Structures are given as structure tokens and as C-alpha cells.
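Undergrad: Okay, predicted coordinates and the sequence, questions at the end:
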Amino acid sequence: MRRLIGIIRFIVYFIFSKINPLGYAKYRGVKIGNNVQFYGMKPGMFSTEPWLITLGDNVHITSGCQFITHDGGTLVLRQFQPDLEVTDRITVGNNVYIGMNSMIMPGVQIGDNVVVGAGSVVTKSLASNAVYAGVPARQIKSLEQYLTSVREKSLGFGHLPAKEKELVLKRHFGVE
């Protein structure tokens, strides 16, 4: 019976997270600022202590990201010291983009105006105004350097509504 209840709860959370990602995150206890966007959410992305996670304003979180608020490795050490517990907050500043499949570890604070590249593992706090990537994540350039490089590559369609942008991109790349 307990297993059936767990399965039903998972299905309900899964549907809730797809229909209303912001509502689901708030329901789980995540503190959320204004204009937070989720691009693909899964029920387990906020670890077991979602109420220790704070997201600032204008935060964009992509598919597959994980916020890990505890060190589960302590489970194998509790035979030596039963009271071991390593759990900490995660704080994400304002104007932050977190790329696909990134992991944010316990105790991390991400500053303002930060881009975290896809697949990064953030093990230490990140200062503001920079781009980070890698395992573990490290600074690869300043935000100003990133702006300069993407301006050179920009197609100039970023301001368009989604459907219009799709049509313009298909035309640009010759896709029918």
C-alpha cells in the first residue's frame, strides 16, 4: 500500500511540475523571485530539502538541472559516526542562466549576472558578472567578454515571439 501511495504521489508531482513549474517549485518550498523560468522540470530536481533553495529575479533554469542540498556520501560513514549530516543552502542571484544538465551542490551561492554552461558541476560559490563551465565549474570569461562574442554570432531574432521566431529561423536555415 505504501508503495502504491508513493507511485501516485510521484505521478501527481510529475503532472503538477509539467503543468505549473513555478507553482510546483513554490509548493515544494523553493523561494522564488520574479520572472523565474523553467525550461523542462522534473519532480526530483530540488533534492530532498527544496526549502533551502532560493532563486533570485530573472533566473532561467534549463532541462536536467539538479540542486543538491545534501551530501549523501555521509550514509556510508554513519557506521562510524551516526549523527553525520552535511546539508546546506543554495542561493542563486539575479539575472542567472543555468545550462542543461548542470548540478548545483550544497552551500553554493551564485552571484548576479552569471551564466552557467551546460553540464557544469558547481561545487563552489560563483562571483557575479561571469560565465562558468566545466566539472568542476570554473570561470571561463567575464560577462562582458561573453556579450562581445555572442553579439558577433547573433542572428538578431531574439526579440521575436516564439512562433514568429520559429518561422524566421526556418526561413534563415532553409528548413520547410
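TA: Nice, thanks for sending it over.
Undergrad: And the helices in this protein?
TA: In the chain, the helices defined using DSSP state H lie at 2-19, 21-28, 143-153, 162-173.
Undergrad: Relative to the whole chain's centre, how far out is the last one?
TA: Computed by Cα atoms, centre = their mean, to the nearest Å, the chain-centroid distance of helix 162-173 equals 27 Å.
Undergrad: which strands and helices sit next to that helix?
TA: Judged by 3 or more Cβ pairs under 8 Å, 6 or more residues apart in numbering; DSSP states H and E, helix 162-173 has no packing partners among the helices and strands. All C-beta atoms are positioned from the backbone trio N, CA, C, and that covers glycine.
Undergrad: Distance to Val96, mean pLDDT and mean neighbour count added to the helices of the chain, as a markdown table?
TA: A markdown table is the format used below for the helices of the chain (distance: least, Cβ to Cβ, whole Å; pLDDT from 0 to 100; neighbours: other Cβ atoms under 10 Å):
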| stretch | distance to Val96 | mean pLDDT | mean neighbour count |
| --- | --- | --- | --- |
| helix 2-19 | 20 | 82 | 12 |
| helix 21-28 | 15 | 90 | 17 |
| helix 143-153 | 11 | 95 | 11 |
| helix 162-173 | 22 | 93 | 11 |
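Undergrad: Quick one: closest of those helices to Arg89.
TA: helix 21-28 (14.9 Å; Cβ to Cβ).
Undergrad: returning to what we had before: of all the helices of the chain, which one comes closest to Met103?
TA: Met103 lies closest, by Cβ to Cβ, to one member of the helices of the chain: helix 21-28, at 17.1 Å.
Undergrad: thinking again about what came up before, would you mind giving the helices of the chain as CSV with distance to Ser120 added?
TA: Listed next are those as CSV, based on distance: least, Cβ to Cβ, whole Å:
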stretch, distance to Ser120
helix 2-19, 22
helix 21-28, 21
helix 143-153, 14
helix 162-173, 26
